[in-house]
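Enquirer: coords please:
(one chain, ligands or ions: 1)
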Amino acid sequence: MLQINIEGAKEFYTAEEHQGANDRASGAFRQVQDGYGKGNEWLGWRRILQSPNDAELERVERRAAQIRNDADIFIICGIGGSYQGARAVIDALSKPFRKSGPEIIYAGHHLSAQYLEELIHYLNQPKADGEIKSVYLNVISKSGSTLETAIAFRQIRKWMHSKYGDDATQRIIATTGETGGVLNKIIDEEGYDKFVIPEDVGGRFSVLTPVGLLPIAVAGIDIQTLYYGAVAEYEALEKDPSKLLEYAATRYLLHEKGYAIDVLSSFEPELNQLCGWTQQLLGESEGKGGKGLFPANASYTTDLHSIGQLIQQGQRNIIETVLTVKKPMSKLTLTEMDSDVDQLGYLSDKPIYEINNSALEGTCQAHIDGGVPVIRVELTSLNEQQLGRFIYFYELFTGVYVYMLGLNPFDQPGVENYKKAMYALLGKQ
Ligand code: PA5
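Expert: Down below sits the predicted model:
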């Protein structure tokens, strides 16, 4: 079960203020539940958990098993909500330095020419035994027309068709909307295997559809447990949303009081991308109409040696959300040494996670003392079930919180502005 601890924020508002915000959060939750809020045609991220599609989960698992069996490299080609969720789960659950299954490479998430050139160069390098690498490509785009993704897709699929001939067709999997969009035209022409993003699920809410599930399963992660973890959280929060409402009320109050930045941080590098997914989910949803907390990310203790100073003593407009994992991820202890020349003898034999925990507790205390309200979000352990719970929790949290601001959580009209300016410069008709 996800634990939310708002103790570190309480001194920054009164109990009466919090009660008022809590009432507002209850109203916003009813808007989500009863489906009468702004953008209510985009509530499919709840619907898919109300009636899970087991047949589709199994189809995803079968395709992923085939890819895992045959691929040396699996390329995930997408941007924003079309890749961040998968990357978050894959990074959280893959052991660093241990290779199992195909190498996972991301593409289509920026417009770097050098990256694409180097990627094709890398794909072209034969394996140690001289054989050509076995590459599979999953292009993911709900609209089917996002420029970053479309450009990378064109470059990579051209390479694949030239290398594998007719066999390229079964190596390319497209995940897109049911109908419409350029990608659907390409699928029809080429006969690529297709997975569908339901119409009522927006990009950043789509990790529990084939958008996230296929890449996650290719990485060898148990998607049934992930998915049903989310279902369990859905069911629990329908019955008792109080912890979520308390958290939403706290963040709302702090926003109302003029705080401008929410630093989403963690003390485990495996969670960096999960903070990134949360950043995108919140940022694209709440940053509208001159409102919203800027969701920044920090990876501690690394960033205590960079932006830690600013968080501690810079402009007092920062709150912090610290993501923790209760169950130690490693029991490694600090090795003993005969000599104490490095002056670490006082820590000898101590589990390193305890040292990390002291850094965590010390940092939270120092930041609160320095005027930074701290909210803590704790996963019991880092596994599929807990991550499923985390994903749904934050999807619902985002819906509720953004309704509290009086905004539509499910659109992103501002993103179109850069596209318009870019297309005008590129001369697109
Ligand atoms: O949340 C969103 O809707 C966006 O972040 C999209 O996922 C992102 O822009 C990619 O869009 P598409 O899947 O249409 O290529």
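Enquirer: Only C-alpha atoms from now on, for both contacts and neighbour counts.
Expert: Noted.
Enquirer: what residue ranges in the stretch 1-150 of the chain are flagged as low confidence?
Expert: Residue ranges of the stretch 1-150 of the chain with pLDDT under 70: none are present.
Enquirer: Near the ligand, which residues of it are found?
Expert: Residues of the stretch 1-150 of the chain lying close to the ligand (CA under 6 Å from any ligand atom) are Ile79, Gly80, Gly81, Ser82, Ser141, Lys142, Ser143, Gly144, Thr146.
Enquirer: so which of the residues you listed comes closest to Leu123?
Expert: Closest approach between these and Leu123, by CA to CA: Ile79, at 20.7 Å.
Enquirer: quick one, strands of this structure?
Expert: Remark: strands assigned in the chain by DSSP state E are 3-5, 73-77, 103-107, 135-141, 172-177, 193-197, 261-266, 294-299, 318-325, 374-379.
Enquirer: CSV please, covering the ones you listed and showing distance to Gln224 and mean neighbour count.
Expert: CSV is the format used below for the strands of the chain (distance: least, CA to CA, whole Å; neighbours: other CA atoms under 10 Å):
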stretch, distance to Gln224, mean neighbour count
strand 3-5, 23, 16
strand 73-77, 20, 24
strand 103-107, 21, 17
strand 135-141, 20, 27
strand 172-177, 19, 25
strand 193-197, 17, 20
strand 261-266, 26, 23
strand 294-299, 29, 21
strand 318-325, 21, 23
strand 374-379, 19, 21
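Enquirer: Quick one: residues contacting Ala65.
Expert: Contacts here follow CA atoms under 8 Å, 6 or more residues apart in numbering; on that basis Ala65 touches Ala217, Val218.
Enquirer: Now do it against Ala219, distance only.
Expert: 10 Å (CA to CA, to the nearest Å).
Enquirer: care to break this protein down by domain?
Expert: With domains defined by automatic domain parsing, the chain comprises 3-37+226-404, 47-221.
Enquirer: Show me what from the stretch 201-350 of the chain comes close to the ligand.
Expert: Gly202, Gly203, Arg204.
Enquirer: among those residues, which ones are buried?
Expert: Buried by 16 or more other CA atoms under 10 Å: Gly202, Gly203, Arg204, out of those.
Enquirer: Name the residue closest to the centre of this protein, please.
Expert: Among the residues of the chain, the one closest to the centroid is Trp277, at 2.4 Å (CA atoms, centre = their mean).
Enquirer: residue ranges of the helices in the stretch 251-400 of the chain, please?
Expert: Using DSSP state H, counting those that start in this stretch, the helices of the stretch 251-400 of the chain run over 272-286, 308-313, 352-369, 384-404.
Enquirer: Any idea how far the longest one is from the middle of the chain?
Expert: Helix 384-404 has its average C-alpha position 11 Å from the chain's average C-alpha position, going by CA atoms, centre = their mean, to the nearest Å.
Enquirer: quick thing: my sequence starts at 28, can you match it?
Expert: Sure, I'll start counting at 28 from here, so that last one is helix 411-431.
Enquirer: buried stuff in that helix?
Expert: Neighbour-count burial for helix 411-431, counted by 16+ other CA under 10 Å, picks out 411-431.
Enquirer: Please apply the same query to the first one.
Expert: Using 16+ other CA under 10 Å as the burial criterion, the residues of helix 299-313 that qualify are 299-313.
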